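1. predicted model and sequence below, questions to follow.
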Amino acid sequence: MSEEKKSLNFIEQIIEEDLKKGLNPEKLRFRFPPEPNGYLHIGHAASICLNFGLGEEYKAPVNLRFDDTNPAKEEQEYVDAIKKDIQWLGFEWNKELYSSDYFQQLYDWAILLIKKGKAYVDDQTSAQIAEQKGAPTIDGVDSPYRNRSVEENLELFEKMKNGEFDEGSHVLRAKISMKATNMLMRDPIIYRVLKKSHHRTGNDWNIYPMYDWTHGESDYIEQVSHSICTLEFKHHRELYDWFLDQVYDNKKTRPKQREFARRNLSYTVMSKRKLLQLVEEDIVNGWDDPRMPTISGLRRRGYTPKAIRDFSETAGIAKRDNVTDIALLEFHIKNELNKTAPRVMAVLNPVKLVITNYPEGKEEILIAENNPEDENAGTREMPFSREIYIEREDFREQANKKFFRLKLDKEVRLKSAYIIKANSVVKDENGEITEIHCTYDEDSRSGSGSEASKRRVKGTIHWVSIPHAVNAEVRLYDRLFTDEAPDSHKDKDFKEFINLDSLNIIDNAFVEPSLKSAKIGNQFQFQRLGYFNVDDDSTSEKLVFNRTVPLRDSWAKQNK
Ligand code: ATP
Ligand code: MG
């Protein structure tokens with residue numbers, strides 16, 4: 001922990017209490033338990049930063065445990081992607097573990113439950129079982145199979161395991177109570193028949209353990225001291241403890257489940273199931289589409305591990321459900337890139353500008369600062385010539401006083417170059433401007449120290465020299481959803497709120513020649529426009545940039 005004492009979040013307070021009560025700090029152990037059924041998202045980052053952060057703070061091991069008990073939805077691709085993302089965030093797990101490694105142990109413990117008279121095989125359909133569940137204020141009904149003998153249960157469970165029963169025909173249930181106020185305690189299912197091949201155990205098993213049975217027992221096997229999960233598992237805690245009671249040996253650490261609020265982010269959805277729909281229905285271009293709230297999407301978009309970790313830290317850990325403003329995430333990446341990203345010039349919507357008093361054929365090399373926020377960033381060379389591109393939006397024939405860019409008969413400064421004055425325009429047959437004719441003040445070069453160079457003009461605009469410009473594709477992203485909480489509407493599907501303009505591809509942008517050598521992943525500030533990075537699709541023939549985040553947020557304005 002840093003020198004200045006930071007305030008503890010409530011999970012840290014629980015741990016501090018436990019230590020005070022005598023828990024040996026060497027027994028502290030945490031885990032991050034993803035189900036490999038999708039890619040990690042920014043919500044998972046909250047849990048990763050929390051668990052691995054506790055590991056760093058208390059010098060305790062943190063396991064990466066794949067919670068892989070549902071072979072129908074899980075794949076090796078997801079395992080690989082999850083590992084890559086955690087490493088990229090900068091965290092190191094102690095052991096890579098799989099719930100499926102415990103299938104035999106979990107099975108043996110299930111036999112133990114049966115022998116203790118605390119579990120039974122139920123032959124009913126899931127519909128019948130559901131019907132008998134009752135309601136919080138109405139007692140459930142005992143299954144007709146609830147009082148089977150231990151021998152019969154052992155025999156049937158063995159048959160389930162050996163694949164002698166069809167899917168859905170038999171389950172193993174814990175024998176707790178059909179009258180419990182907590183519905184989850186009403187004889188929950190521990191095992192189901194599932195004849196699917198598992199990504200790690202192949203066809204070894206015809207039965208698979210349920211989440212509740214697996215999770216707590218896996219924590220116990222790994223001797224996790226604090227098992228931190230999200231709020232929706234609060235009611236599961238009683239069952240978690242009941243399952244532990246059945247196998248607990250009091251010389252060992254007894255894991256403790258504690259819950260915190262899920263991270264929700266405005267203008268996006270955060271469930272793997274929903275994100276998978278976006279991928280499968282080609283609404284986005286894969287899990288790492290830069291518009292996705294996945295770690296891989298954010299990485300491709302130009303987000304850095306530091307920005308994501310800083311965001312997680314500031315957003316904090318809450319006890320109640322809430323929605324974090326996506327602007328906070330954007331703030332952190334802007335804040336970081338402001339300090340680290342070299343400034344360059346790029347023109348996204350070019351119009352040609354001719355400096356009529358600049359000698360034809362002349363070229364000069366101007367010197368531009370790489371990053372005014374970083375005195376070690378140095379300078380770079382910017383070729384200048386008679387013909388340049390500027391942004392079409394930076395010129396108007398006529399405009400009011402608030403328009404500080406270029407207009408006829410008025411001056412602006414070309415960034416890191418000269419002051420120019422617009423004199424006339426050339427238009428095509430549709431009335432569209434094809435050329436702007438200007439003159440420049442030869443003595444006004446930035447940094448030359450001359451009187452004219454110090455002359456103040458209202459506006460500064462960016463530019464790229466036409467003979468030196470490098471053609472590029474630029475991808476501008478907007479929010480993927482038009483609604484702040486797309487999955488919160490009872491009568492509407494979240495996909496009804498997809499923003500149809502979330503991707504705008506500009507294939508004819510021009511960037512300054514220093515970018516010719518830019519590599520995939522490199523990050524820049526396109527001056528006056530925003531932060532951009534080189535996309536994975538970039539080739540030596542064609543540079544492709546993603547806009548990570550604009551300098552200013554135009555969303556708020558548009559949607560007022
Ligand atoms: P999803 O609903 O997106 O599929 P999940 O909870 O099923 O999420 P898991 O792979 O089971 O995903 O989650 C791994 C860990 O990450 C769990 O401990 C879970 O509680 C935590 N987690 C998942 N989503 C969030 C979130 N939005 N905010 C905080 N923690 C989360
Ligand atoms: Mg899950």
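-> Structure received. Ligands and ions are numbered 1, 2, ... in the order given.
2. for residue 233, which non-adjacent residue is spatially closest?
-> residue 259 (5.8 Å; CB to CB, 6 or more residues apart in numbering). Glycine gets a C-beta too; all of them are placed from N, C-alpha and C.
3. residues in a beta bridge with the residue of the stretch 101-250 of the chain found nearest ligand 1, which ones?
-> With CB to the nearest ligand atom, the shortest gap between the stretch 101-250 of the chain and ligand 1 falls at residue 230, namely 3.8 Å. Under DSSP bridges, the beta-bridge partners of residue 230 are residue 260.
4. residues contacting it?
-> 47, 259, 260, 261, 262 (CB atoms under 8 Å, 6 or more residues apart in numbering).
5. so how many other residues sit close to the third one?
-> Here the count is done by other CB atoms under 10 Å, and residue 260 has 20 residues near it.
6. tell me how far it lies from residue 51.
-> Look at residue 260 and residue 51: by CB to CB, to the nearest Å, they are 11 Å apart.
7. low-scoring stretches of the protein, by residue?
-> Within the chain, the stretches with pLDDT under 70 are 1-5, 553-560.
8. give me the nearest residue to residue 143, chain neighbours excluded.
-> Closest to residue 143 by CB to CB, 6+ apart is residue 122, at 5.0 Å.
9. tally of neighbours for the residue in the chain positioned nearest to ligand 1?
-> At 2.2 Å from ligand 1, residue 43 is the closest residue in the chain, using CB to the nearest ligand atom. Residue 43: 21 surrounding residues under other CB under 10 Å.
10. what of residue 183?
-> So residue 183, with other CB under 10 Å, has 13 neighbours.
11. then the one 10 residues further on?
-> The number of residues packed near residue 193 is 21, by other CB under 10 Å.
12. the residue lying closest to it once chain neighbours are set aside: what's it in contact with?
-> Computed as CB to CB, 6+ apart, the closest residue to residue 193 that is not its neighbour in sequence is residue 167, at 5.0 Å. The contact partners of residue 167, by CB under 8 Å, 6+ apart, come to 192, 193, 194, 195.
13. buried stuff in stretch 60-72?
-> Neighbour-count burial for stretch 60-72 flags 60, 61, 62, 63, 64, 65, 66, 67, 68, 69, 70, 71 (criterion: 16 or more other CB atoms under 10 Å).
14. could you find the closest non-adjacent residue to residue 281?
-> Closest to residue 281 by CB to CB, 6+ apart is residue 495, at 8.0 Å.
15. same deal with residue 66?
-> Closest to residue 66 by CB to CB, 6+ apart is residue 98, at 4.7 Å.
16. let me see the contact set for the one you found.
-> Residue 98 neighbours (CB under 8 Å, 6+ apart): 65, 66, 68, 200.
17. do the same with residue 188
-> 173, 174, 176, 210, 212, 213, 239.
18. residues near the first one, how many?
-> Counted with other CB under 10 Å, the burial measure for residue 173 works out to 23 neighbours.
19. then the helix or strand hosting it to CSV, C-alphas only?
-> Residue 173 is part of strand 171-174 when elements are defined by DSSP states H and E. This file holds the C-alpha atoms of strand 171-174, laid out as CSV (Å, rounded to 0.1, in the frame of the first residue of the first chain):
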residue,chain,number,x,y,z
VAL,A,171,-31.1,-35.6,-10.9
LEU,A,172,-29.3,-35.8,-7.6
ARG,A,173,-30.8,-33.4,-5.0
ALA,A,174,-29.6,-32.3,-1.6
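20. near ligand 1, from the contacts of residue 230?
-> 47, 262 (CB under 6 Å from any ligand atom).
21. please identify every residue contacting each of residue 260 and residue 51.
-> Joint contacts of residue 260 and residue 51 (CB under 8 Å, 6+ apart) are residue 228.
22. ok so, going back, just the buried residues out of the contacts of residue 167, in PyMOL syntax.
-> With 16+ other CB under 10 Å as the criterion, this PyMOL line picks the buried residues out of the contacts of residue 167:
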select buried, resi 192+193+194
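23. with secondary structure added, can I get the contacts of residue 167 in TSV?
-> What follows is the contacts of residue 167, written out as TSV (DSSP: H, G, I helix; E, B strand; the rest coil):
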residue	secondary structure
192	strand
193	strand
194	coil
195	coil
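24. distance to residue 290 added to the contacts of residue 167, as a markdown table?
-> Rendered in a markdown table, the data for the contacts of residue 167 read as follows (distance: CB to CB, whole Å):
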| residue | distance to residue 290 |
| --- | --- |
| 192 | 39 |
| 193 | 42 |
| 194 | 36 |
| 195 | 39 |
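25. roughly how far does the residue nearest to residue 66 sit from residue 192?
-> 19 Å.
26. repeat for residue 17
-> Taking CB to CB, one finds residue 17 at 38 Å from residue 192.
27. same thing with residue 179?
-> Remark: distance between residue 179 and residue 192 (CB to CB) = 24 Å.
28. do residue 284 as well
-> Distance from residue 284 to residue 192, by CB to CB: 33 Å.
29. over to residue 258?
-> For residue 258 relative to residue 192 (CB to CB), the value is 28 Å.
30. what does residue 158 give?
-> For residue 158 relative to residue 192 (CB to CB), the value is 16 Å.
31. thinking again about what came up before, list the contacts of the strand holding residue 173.
-> 110, 113-114, 118-122, 126, 129, 143, 157, 160, 187-193, 207, 213, 242-243.
32. neighbouring strands for it, and are they parallel or not?
-> strand 119-122 (antiparallel), strand 189-193 (antiparallel).
33. close to ligand 1: what parts of the stretch 251-400 of the chain are there?
-> Counting by CB under 6 Å from any ligand atom, the stretch 251-400 of the chain sits next to ligand 1 at 262, 263, 270, 271, 272.
34. could you report the neighbour count for the closest residue in space to residue 191 that isn't next to it in sequence?
-> Leaving out its chain neighbours, the residue that sits closest to residue 191 by CB to CB, 6+ apart is residue 172, at 4.0 Å. For residue 172, the count of nearby residues is 27 (other CB under 10 Å).
35. following the lengthiest helix in the chain, which helix or strand shows up next?
-> Identified as the longest helix of the chain according to DSSP state H is helix 42-58. Sequence-wise, the next helix or strand downstream of helix 42-58 (DSSP H and E) is strand 62-66.
36. so what strands line up beside that next one?
-> Using DSSP bridges, the strands paired with strand 62-66 are strand 30-32 (parallel), strand 96-98 (parallel).
37. deepest-packed of the ones you listed, please.
-> Highest mean neighbour count of those: strand 30-32, a mean of 25 (counted as mean count of other CB atoms under 10 Å).
38. so residue 438 sits in a strand?
-> Yes - applying three-state DSSP, one finds residue 438 inside a strand.
39. what's the spacing between it and residue 179?
-> 86 Å.
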